[in-house]
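Undergrad: Would you be able to build a 3D model of this:
(2 chains)
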Amino acid sequence: MRLRALVVRVRALFGRDRLDRELAAELESHLAHHIDDNIRAGMPADEARRQALVKLGGLAQAEARYRERRGIPFVEHLASDVRYAARALAAMPGFTIVAIVTLGLGIGANAAIFSVIDAVLLRSLPVDRPERLVTVGRTGGELPIHSYPDYRDIRDRNTVLAGLAALRFSPVNLQTARGAARVWGTLASGNYFDVLGVRASAGRALAPSDDITPGGHPVAVVSDDAWRTRFAADPAIVGSVVKINGMAFTIVGIMPRGFRGTERLFAPEIWIPMAMQAHVESGNDWLERRQTHNIFLLGRLRDGIGTAEATASLNVLAEALGREHPQLNEGMRLSVAPPGLVGNTLRGPFVGFSGALIGVAGLVLLLTCTNLTGVLLARSTDRRRDTAIRIALGASRGALVRRSLVESALLAAGGAAAALLLARGFAIALSRWRIPVDIPITPDVSVDYRVLLFALGLAAAAAAFTGLMPVTQETRIDVVPALKEDTIRCGGRWHLRDAIIALQIAMSTVLLIGSLLVTRSLQHASQVDVGFNPDGAVMAQVDLGLERYSQTRARDFQREIVERLSTQPGVESAAVANALPLSIDVSTHSVYVEGKPQPRGTSVPSTIYYQVSPGFFRTFQMRLITGRDFDASDLRDRPRVAIVNQAFAARLLGTGDAVGKRFRSGPNGAWTEVIGVVQDGKYQTLAEEPTPVAFYSNVQWYNPSTCILVRTSLGPSDALDGLRETIRAIDPSLSIFQDRPVASLMALPLLPARLAAGLFGVFGALAIVLVLVGTYSVMSYGIAQRTREICIRLAIGASAIDIVRLVIRRAAIIWIAGVGLGGAAALAAAPLLAPILLGVRPRDPSIVALAMGVLTAVIAAACWLPARRGLVNDPTTLLRRT
Amino acid sequence: MKEKADVWQGTLALMVLKTLETMGPQHGYGIARRIEQTSDDLLSVNYGTLYPALLKLEQEGYIASSWGMSDNNRKAKFYALTRAGRTRLARAASEWERTTDIIARFFAPEGRS
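TA: Numbers count the residues shown, from 1 in each chain, chains lettered A, B, ... in the order given. Just a heads-up that it's a prediction; the model follows:
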């Protein structure tokens, strides 16, 4: 029955006019009957009516009680509040638009950053029970990578994992009916999809039976994306044959939509059994080499096993492996962690970076809200009379609170809508944007229900924040004087809005200092000495391994391309290298120095290395400090030589002349002699400390990966055309990638600094605008309110200077409080930014001073206009009018 | 304060149902007069409170209303007991009896007899 009553009452919310008319008719009929009775009892007509009305207890009250019972009063009042607020907001479109736009920016910035956090940290991988998957890490080295023999031992001998898979990311040359392309794939152990619990959406996934005989399983599965983009979504591709690095492979399955492998930022297109490694990475067969750490491990915890227990048990196994292979594994420790971020290595940096960003975005939102609160507070003072009338007529405090909250809720709803549009635009832009590397790094960002809830939650908080403060002021109104409107408002008293302005200035100071810091850091980063000259040179890459070149043919190509380029007009010099510094292709090997005690296990030092052609240092303009460059005498059959950088010489070779010293990359084997030392540079990031690097001659140490480098006096586009033509003149079928000016290499290392500067730049600009608007509106409002006071002061002889002083003094106190508080907060919080700053101290006094100076100018401008307007008025006319 | 009002409201609803059972379909004024007469004018119904009570009963489905002509030849809204209303009245009546019975035991002059 209760439910039925509710339904009837909800229905009564509509068609209220008809129901009102019916009630009126019923009460009219009641009165008529009563009057009839009274007249029958002998009363005169007017007395009969009077008595009947008395007995009914007042028509209006009866109707009101009836209506309350009929519908749901709360909803009806709310509806009328919404109508009222919508009318009020529509009456001031300027304020409404500014409020919605600033709230939209504030909430939108948070939602956009949250959508990235959601995609990278919160959303689970589309696999069976993702919380039970772990990546197995290894101490030593920068990445959690293992050797294949170690993997086999860990897989077969552990007692805590229900399954352990191995994977490695590798580019392949994929030749389909629609042409050849270089795509990124994953070499996966046969149990990979079993461990994940993922089945193919068509055909089958890879199985353990696909990973038994080395080189004997030419099968692959493709991602849904690859199926759509490279195979025109043709279902017949299952069972068809493609060429991978020139060899025929059968496509046995298509993976489900949304499955992008097990890395959040990296979307491979094709999965190939690990047994095919030697073919995929042609000429580099490392599967049976325990010293080559190349694979990531992904395991599924046994039911009932926690991560602590798993770690302890795996480390017992690690100790056993250390005893069995002391040269390579002594001191090895294993760890388990959630997978998805290059193992787990990026989680810490990502949490730090996104945490800092969301903190700043939160500050922006807080600033937006205080700004809005300030304006709403000023308006609530405007509405004093209106509010006083309502209170006098019997409006409850609750009704007043509701009215104010509904208004800010409407604004917040508009803001949330704008914010979601913004977040969606951001997600689309991000999905189209490619990080300047040749790997498909694409976080899968979208506005899902969590982002939606987040934005709505922020909007609700913003509504409560901006609505409650004005209302607490409003309901404390002294009714009688407010009604009479007889108070002359003097500026003597301090208001809540003054504190709010000070708070706004403080937060803007913090934001501005942050933006200036990261901007200065970007400036600095673009001037860092990277140890080579990226300007005036262009590059292009071919992977001769993927192109099925034999070693002899590849060596000929590498020699011929340099010879041909060197004779071309405008070319100063040309060279090839396996990779360039500051790209993501970084190789390292261990270093054992002759005549030094041999370190063991994880304490062996390592160096980055490159294989380059003679003339590389001249082309790259990397300064040779002592010794000589590679030359024609460094032949294949001669003892191996190397050129090292200063950090290598100082840290690994010790004191004395580096040239002539010898080292090797393994505990045994032939020695390499140092023939020269080049200047230090940057190899992985711009912020890194000097890192040991060794350069080898590509004649003595072959590498099929070929990065061609040309220094030329031509413009970049002409130079690139010439470079591509020269490559095609030798072999027109080669697929060329990364063809671009060398200067664009800087895009990758500069990326974090640019991102930070871009975001902070937007936030900083927003902060300045908000301070300008907020200060201006509250100042001009305050002065408008004091017009009478100012006029009286002028009339009784105050000079304009006195008035200016009166107005300025207040502004100055607010300014000092705000900037001081903000400066102190910025000094306290600045170290949080330290990880993303380069060459700038977080507490740089010149930046703090600059930020304060800019804000002072902004505040002065925001005060000047209202102050001037307050003064140019003619006191007599004004006094008469008000 | 609130409790008293509730009791009154509850008993008023019961009186309305009983009145309709005894008299058949009746309009608001008729119900009010009948309740006063039945109580020998000991109860004075504030007519204003009657209509919200009627509305509540109608929303709950115990009574149904329709417009018709009264004995005075005037248009009036007539209320009639529904089947659910009869069931409700029967249950309420037995509950009421039991309650008054229990209360009566407390106030019976036991020691003296």
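Undergrad: How about the secondary structure of the residue nearest to residue A:698 when sequence neighbours are not counted?
TA: Sequence neighbours aside, residue A:611 is the residue nearest to residue A:698 in space, at 4.4 Å (criterion: CB to CB, 6 or more residues apart in numbering or on different chains). Glycine gets a C-beta too; all of them are placed from N, C-alpha and C. Assigned with DSSP: H, G, I helix; E, B strand; the rest coil, residue A:611 falls in the strand class.
Undergrad: Kindly state the pLDDT recorded for residue A:611?
TA: Note on residue A:611: pLDDT of 94.
Undergrad: now swap in residue A:265 and tell me
TA: Residue A:265 is given a pLDDT of 82.
Undergrad: Surely it is in contact with residue A:350?
TA: No: contact criterion CB atoms under 8 Å: residue A:265 and residue A:350 do not qualify, at 9.1 Å.
Undergrad: Mind listing the shared neighbours of these two?
TA: Jointly contacting residue A:265 and residue A:350 under the rule CB atoms under 8 Å, 6 or more residues apart in numbering or on different chains are A:120, A:341.
Undergrad: At which residues are the strands of chain B located?
TA: Taking DSSP state E, the strands of chain B run over residues B:26-27, B:63-69, B:75-81.
Undergrad: follow-up on the earlier one: just checking, the residue nearest to residue A:698 touches residue A:703?
TA: Yes: Residue A:611 lies in contact with residue A:703 (CB under 8 Å); the separation is 4.5 Å.
Undergrad: any shared contact partners between those two?
TA: Counting by CB under 8 Å, 6+ apart, the residues touching both residue A:611 and residue A:703 are residue A:578.
Undergrad: Quick check: pLDDT value at residue 79.
TA: Picked chain A for this. 83.
Undergrad: Chain B, not that one
TA: Residue B:79 carries a pLDDT value of 93.
Undergrad: Was I right to think it contacts residue B:65?
TA: Yes: at 5.1 Å, residue B:79 and residue B:65 qualify as touching, with contact defined as CB under 8 Å.
Undergrad: Settle it for me: which of the two has more neighbours?
TA: Higher neighbour count among residue B:79 and residue B:65: residue B:79, with 25 against 18, using other CB atoms under 10 Å in any protein chain shown.
Undergrad: Just say helix, strand or coil for the residue nearest to residue A:334 when sequence neighbours are not counted.
TA: Nearest non-adjacent residue to residue A:334, counting by CB to CB, 6+ apart: residue A:314, 4.2 Å away. Put simply, residue A:314 is helix when judged by three-state DSSP.
Undergrad: any idea of the mean pLDDT in the helix or strand hosting residue A:271?
TA: Per DSSP states H and E, residue A:271 falls inside strand A:270-273. Strand A:270-273 carries an average pLDDT of 95.
Undergrad: Give me the residues contacting it.
TA: Strand A:270-273 is contacted by residues A:172, A:174, A:183, A:185-190, A:192, A:206, A:210-211, A:217, A:219-223, A:226, A:244, A:249, A:255, A:261, A:280 when judged by CB under 8 Å, 6+ apart.
Undergrad: Give me the angle between the longest helix anywhere in chain B and strand B:75-81.
TA: Secondary structure of chain B per DSSP state H: the longest helix is helix B:83-107. Inter-element angle recorded for helix B:83-107 and strand B:75-81: 70 degrees (by axes from the mean of the first three to the mean of the last three CA atoms, to 10 degrees).
Undergrad: list the buried ones in helix B:83-107?
TA: For helix B:83-107, a neighbour-count test (16 or more other CB atoms under 10 Å in any protein chain shown) marks B:85, B:88-89, B:92 as buried.
Undergrad: hey, which helix or strand in chain B has the poorest pLDDT?
TA: None of the helices or strands of chain B scores lower by mean pLDDT, DSSP states H and E than helix B:2-23, at a mean of 68.
Undergrad: who's in contact with the most centrally placed residue in chain B?
TA: Chain B has residue B:15 as the residue nearest its centroid, 1.8 Å off, counting by CA atoms, centre = their mean. By CB under 8 Å, 6+ apart, residue B:15 lies in contact with B:35, B:38.
Undergrad: cool, the one 10 residues further on as well?
TA: Residue B:25 is in contact with B:68, B:78-80, counting by CB under 8 Å, 6+ apart.
Undergrad: Would you reformat those as JSON lines and include distance to residue A:196?
TA: Below are the contacts of residue B:25 laid out as JSON lines (distance: CB to CB, whole Å):
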{"residue": "B:68", "distance to residue A:196": "75"}
{"residue": "B:78", "distance to residue A:196": "73"}
{"residue": "B:79", "distance to residue A:196": "69"}
{"residue": "B:80", "distance to residue A:196": "69"}
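Undergrad: Got the confidence number for the closest residue to chain A within chain B?
TA: For chain B and chain A, the shortest gap (CB to the nearest CB) falls at residue B:48, measuring 3.4 Å. At residue B:48, the model reports a pLDDT of 72.
Undergrad: That one: neighbouring residues, count only.
TA: Residue B:48 has 21 neighbouring residues, counting by other CB under 10 Å.
Undergrad: My guess is it contacts residue A:69. True?
TA: No: assessed by CB under 8 Å, residue B:48 is found out of contact with residue A:69, at 11.8 Å.
Undergrad: just to revisit the earlier point, list only those of the contacts of strand A:270-273 flagged as buried.
TA: A:172, A:174, A:183, A:185-190, A:192, A:206, A:210-211, A:217, A:219-223, A:226, A:244, A:249, A:255, A:261, A:280.
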